[in-house]
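J.: Sequence unavailable; structure follows:
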């Protein structure tokens with residue numbers, strides 16, 4: 001799925017997508033050029049479960065949304081995180 005398709009299917013604008021990517025890259029200590037929408041945090045970037053929890057917490061604080069911890073299972077790559085954020089913002 002291309003970035004445009006991912007944005008269209010989740011209703012997330014480029015600005016929000018960029019902010020989410022910035023948060024994820026900062027927490028996982030990854031250069032943004034290395035991360036694609038589909039690259040897996042754990043398998044491709046060596047992230048651990050604490051990183052996922054930090055991402056969730058940071059997104060909640062920064063974006064003012066509530067994300068249930070059960071959503072961590074879907075937050076395995078940037079596209080998954082974007083989808084979860086979009087749903088949280090729509091709720």
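T.: Looks like it came in fine. Remember, it's a predicted structure, so these values are computed and weren't measured experimentally.

J.: what does the average pLDDT come to for stretch 39-46?
T.: Averaging pLDDT along stretch 39-46 gives 95.

J.: meant to ask about stretch 83-91
T.: 94.

J.: Pull out the buried residues from it.
T.: 83, 84, 85, 86, 88 (16 or more other CB atoms under 10 Å). Yep, even glycine has a C-beta here, placed from its N, CA and C like the rest.

J.: which of the residues you listed sit farthest apart?
T.: 83 and 88 (9.7 Å; CB to CB).

J.: Strands of the chain, start to end?
T.: For the chain, strands defined by DSSP state E do not occur.

J.: What residue, apart from its backbone neighbours, is nearest the residue most central in space within the chain spatially?
T.: Residue closest to the average C-alpha location in the chain (CA atoms, centre = their mean): residue 81, at 3.0 Å. Leaving out its chain neighbours, the residue that sits closest to residue 81 by CB to CB, 6 or more residues apart in numbering is residue 75, at 4.9 Å.

J.: show me the contacts for that neighbour.
T.: Residue 75 makes contact with 41, 52, 55, 56, 81, 84, according to CB atoms under 8 Å, 6 or more residues apart in numbering.

J.: please redo it, this time with the cut-off set to 6 Å
T.: Taking CB atoms under 6 Å, 6 or more residues apart in numbering as the criterion, residue 75 is in contact with 52, 81, 84.

J.: Help me confirm that the last one comes into contact with residue 71.
T.: Put plainly, it is residue 84. Yes - between residue 84 and residue 71 there is a contact under CB atoms under 6 Å: 4.7 Å.

J.: residues in contact with residue 25?
T.: Residue 25 neighbours (CB under 6 Å, 6+ apart): 32, 35.
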